[in-house]
Structure formats: structure tokens, C-alpha cells
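Participant: everything below, folded, please.
(chains A, B, C and D)
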2 protein chains.
Amino acid sequence: MTLYLPVSLGVKRSMKSTVKKGDNPKKNYHHGDLRGALVAAASDILAEDGMEKLSLRGVARRAGVSQAAPYHHFENKHALLSAVAAAGFVALRASMKKHAAESEDQFQGVGVGYVMFAMENPALFRLMQGPYFSCDEPSPELLAAGEASRGVLLDNIAAAYPDASERELRVKAAASWSIVHGLATLLLDGRLQPMFEGEDDVQAIAKAVTDLLAV
Amino acid sequence: MTLYLPVSLGVKRSMKSTVKKGDNPKKNYHHGDLRGALVAAASDILAEDGMEKLSLRGVARRAGVSQAAPYHHFENKHALLSAVAAAGFVALRASMKKHAAESEDQFQGVGVGYVMFAMENPALFRLMQGPYFSCDEPSPELLAAGEASRGVLLDNIAAAYPDASERELRVKAAASWSIVHGLATLLLDGRLQPMFEGEDDVQAIAKAVTDLLAV
DNA sequence: TATTTAATTTTAACAATGTTAAGATAGATG
DNA sequence: CATCTATCTTAACATTGTTAAAATTAAATA
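Facilitator: Got it, this is the predicted structure:
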């Protein structure tokens, strides 16, 4: 199952911090774009070592700054993870749009893109769920990114059923999201292994399962 | 939405630790059933304060023992949480069976029981997912409890479709589990709030959504 | 340009956590 | 009674998130 391998997100690194003199990256006192570098470092650690191993100090180390430097760009660890999650939602949205464009059934493509993203970025996908979204005060950045990614699903539903009632549409959307989100989560945790012994084509599994949705 | 309120699991406390002399619980050097008391204390803290606030030292404090005492009953914090999760799966199984028995549509009852359990024990349900199940070596206790709870779903599927092929059954099971698990998770994280503004009857929502499953 | 100001970053420290090692206690076994 | 073993405690260690104060650099101002 090569698909289970974590894949770097390729978080956009600002180039402002490019070192000017010489080849060896001389340590400038002012980093240039430490905020972006911290998000990138955290994303990398998350993809490589998982959530348990992700410490704020480790992120700072990886970014080549001191332990307290992050606090000038993020209120606390939670805020940094929030930014990482927000970047994740942007990538999730891209994955859905890409698979939708490549699939003949647009709507099913969205679901496949959702599941594929989860399989390719397991730790990040787990971070995006859970208490970082439903915490006391989710950051506006996170809320916006989450809403945008949800919009892809909703737009596809609305387009597919132009003459459905408002209530019908919302229930359809909830059901579609639920089955796709549940499939992603259960696959991620290996809970469906007894059901799909030996099958390693996640895309085919996702299609077979979503086919059962009478939407 | 009173249903969102965390509810104590009522983990079975062994009575071996009942204090013998006098009314005030005199601190015996030997606890009697410290293992059970630790699981109970951890479950309580989880329900009251959530995962973030659950520390091994805090659990020990609550159980009235020293910080290192748990290490004579659990290899580490992970192992203790594993035991808590296992107890959670037993309770989840009970919730599914209860709702299935009360509902006229048995199969839908299972799903409703699943979602209701998640809403009533949010932190515990989150613990039961995630890396504690899909870790390097899940404990046999946890595996067994998880498999038993999954069995409720599978049995109901098999009973409802006696003449379906093996493959069909597994896909149906995966789809049912996915939609119910996804609904539970998304509701828990408040992500479906825009879809069900003002609706607080989780049971009705669960029925409306699962009705869309052509299984 | 010279000087002040504000934005970054560092060092140092704090309390809390997970974990381990060594010693103390209690109940069981001979 | 003596010994053994399971159970629990005290003490310590490295690591973590976080804060306060000082140091350094870039930007703004005169």
C-alpha cells in the first residue's frame, strides 16, 4: 500500500529568507520569514515523525532559531498548529478539485480527492480534525480555510441537484461528507483492514463505497 | 444541545478496594485494585476536562497514590489510555445494542447508538480513534474490544442481507460504518453546524442522514 | 547621516510532565 | 517467625510549554 506513505505537503516557503552572502546559509539574526519557516518546519516534522513527536522546541530547532523565537509569531503551540491545519485545508481543497477535474463523475471525484488526501497526509489530516477546529476560539484563518474546502463539496452537491429543496440539499451534503470523512478516518486508522484484505487500491475502495450513497 | 454534555461512563469499579476500618478512607499502602481505580480516574478526568488536561500524574493524584504507582500496573501512559479506550469500546457496543433493541429498524438503531455514544462521550470517542488503535502494537485487550463492537454492525448487516455476496456485504459494511463514523466525528467537531442550524435532535439527524444510504 | 524607536531574537528561568532507579512496606509463603 | 515477592513511595532526570529580561538588528526619524 504505497499510498499510505506520508507525503510532504510542499508548503510554500517564502523566499525572503534567502541567504545573501555565500553558499553556506549564514545565520542571520533576523530570519526574514520565520513565521512561514515555522509552519513549514512543523508540517515537515508532522509528516515525518507524527503528532506525538512534534514539540514547539523541536520546530524551533529545525527552523534554526531559539526555543522562544516562535512566541513572537504565534501566541502558543496551539496557534502554530492552527496555522498548519489551515494550510492543510488549502491543500485538501486542491486535492478535491484536482480529482474532480480528472474524474468523469465530478461528484465522486471530490470524495476520492478527500480520501486520497487523508491517506497521503495522515498526521496532518488527523490534526485538521479534532480539537484544533472545535476549540474555544478557532482562528479566522483556520475557519476560512475550512469553509473554503467545505465549499467544494457543497457546490458540487448543489450543481448535481438543481431542483432539490434547501433542506434536502443540506442532508445530502451532510451524508456525502460523512461517508467520505468516515471512510478516510477508518482507512487511516486501519480499521477497515478486515473488510478489504489485500486490496490496496484506495481509489477503487472509495468509489465502491460512495456508490452506495443514494444521493 | 444538552446531548453534547460529556457523561460519565460509569466504568465498573472493583469493590476489592473498599476501605475496611472506619468511615474515612484510610490510605492503605496496598490499594487493592489500583489498576481499575486508575482506569476509572482516567475516564473521569477525560470526561470532565478532556484529553489535553489528562496527565498520568494527575490520574495518580486522583486515585490517591504516588506519581510512580501507575507504572506497576501499566507500562506507560499509552498503555493506560489503551485500557481506557478498550473500556470505551465495551460501552460503545452496549450503546449500539441498546438503541438497536429500542428501534423498529434494527440496523438504523445501531447507527444511532453509535452516533449517540460519540456525542455523550466526546473525549473518550476521540481517544478511541486515532493513534491508540493504529499504533505499532495495539494491546490484545483493545483489539478484542474493538472487534467486538465492530461485530455488532457486521452481524446486523449480514442479517439484513442474507443473500448478498461476501464482497457485497463487506462493501455494505464499510459504507455503513463510514457514514455513521463520519457523522459522529463531524458532529463532534461542530463541522456540520452550518448544515443543521438550530436542530438539536441528534437522533433525528442521524436517521435523516443514514436514510440516504442505499444499503 | 546620526540617533532614536520598534521589531526580532536570545538567554535564562519556571513549573509541569513522562519516566526510571532505589528504597520502604505489607501480605503471602516456607 | 523468617523470607520472599508484589506493591507503593521518594527522589531524581531530561524534556516540554511558557514567560521575563536582555541583546541585537532593521526601520524610522531628525
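Participant: which strand or helix spans the closest residue to A:Glu199 other than its chain neighbours?
Facilitator: Here the nearest residue to A:Glu199 in space, its sequence neighbours aside, is A:Ile205; by C-beta to C-beta, 6 or more residues apart in numbering or on different chains that works out to 6.2 Å. Bear in mind the C-beta positions are built from the backbone N, C-alpha and C, glycine included. With elements delineated by DSSP states H and E, A:Ile205 resides in helix A:202-210, which encompasses its position.
Participant: ok, back up a step: can you report how many residues neighbour the residue nearest to A:Glu199?
Facilitator: 20 (other C-beta atoms under 10 Å in any protein chain shown).
Participant: what residues are up against it?
Facilitator: With contact taken as C-beta atoms under 8 Å, 6 or more residues apart in numbering or on different chains, A:Ile205 is in contact with A:Leu183, A:Leu187, A:Leu192, A:Phe196, A:Glu199, B:Ala174.
Participant: for A:Arg170, same thing?
Facilitator: Counting by C-beta under 8 Å, 6+ apart, A:Arg170 makes contact with B:Met195, B:Phe196.
Participant: whether stretch A:31-42 contacts DNA strand C - can you check?
Facilitator: Yes: under the criterion of C-beta under 7 Å from any atom of the strand, stretch A:31-42 makes contact with DNA strand C via A:His31, A:Gly32, A:Leu34.
Participant: re the thing from before, just the mean pLDDT for the helix holding A:Ile205, thanks.
Facilitator: Looking at helix A:202-210 alone, the average pLDDT works out to 94.
Participant: pull the CA atoms of it into PDB?
Facilitator: What follows is helix A:202-210, C-alpha atoms only, in PDB (Å, rounded to 0.1, in the frame of the first residue of the first chain):
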ATOM      1  CA  VAL A 202      -7.800   3.200  -2.300                       C
ATOM      2  CA  GLN A 203      -9.400   4.900  -5.200                       C
ATOM      3  CA  ALA A 204     -11.400   1.800  -6.100                       C
ATOM      4  CA  ILE A 205     -12.500   1.300  -2.500                       C
ATOM      5  CA  ALA A 206     -13.600   4.900  -2.300                       C
ATOM      6  CA  LYS A 207     -15.600   4.500  -5.400                       C
ATOM      7  CA  ALA A 208     -17.300   1.300  -4.400                       C
ATOM      8  CA  VAL A 209     -18.200   2.700  -1.000                       C
ATOM      9  CA  THR A 210     -19.500   6.000  -2.300                       C
END
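Participant: and the helices in chain A, which stretches?
Facilitator: Per DSSP state H, chain A has helices spanning A:34-49, A:56-63, A:77-102, A:106-120, A:122-128, A:140-160, A:166-188, A:202-210. These are given in chain order.
Participant: ok so, going back, just the buried ones from the contacts of A:Ile205?
Facilitator: When the contacts of A:Ile205 are checked for burial by 16 or more other C-beta atoms under 10 Å in any protein chain shown, the buried set is A:Leu183, A:Leu187, A:Leu192, A:Phe196, B:Ala174.
Participant: can you name the residues that contact the second one?
Facilitator: In this case it means A:Leu187. For A:Leu187, the residues meeting the contact criterion (C-beta under 8 Å, 6+ apart) are A:Val115, A:Ala118, A:Met119, A:Val202, A:Ile205.
Participant: recalculate using a threshold of 7 Å.
Facilitator: A:Val115, A:Met119, A:Val202 (C-beta atoms under 7 Å, 6 or more residues apart in numbering or on different chains).
Participant: check the last one too.
Facilitator: Under the criterion of C-beta under 7 Å, 6+ apart, the neighbours of B:Ala174 are A:Leu192, A:Met195, A:Val209.
Participant: near DNA strand C, which residues of chain A are found?
Facilitator: By the rule C-beta under 7 Å from any atom of the strand, the part of chain A lying against DNA strand C is A:29-32, A:34, A:60, A:65-69, A:72-73.
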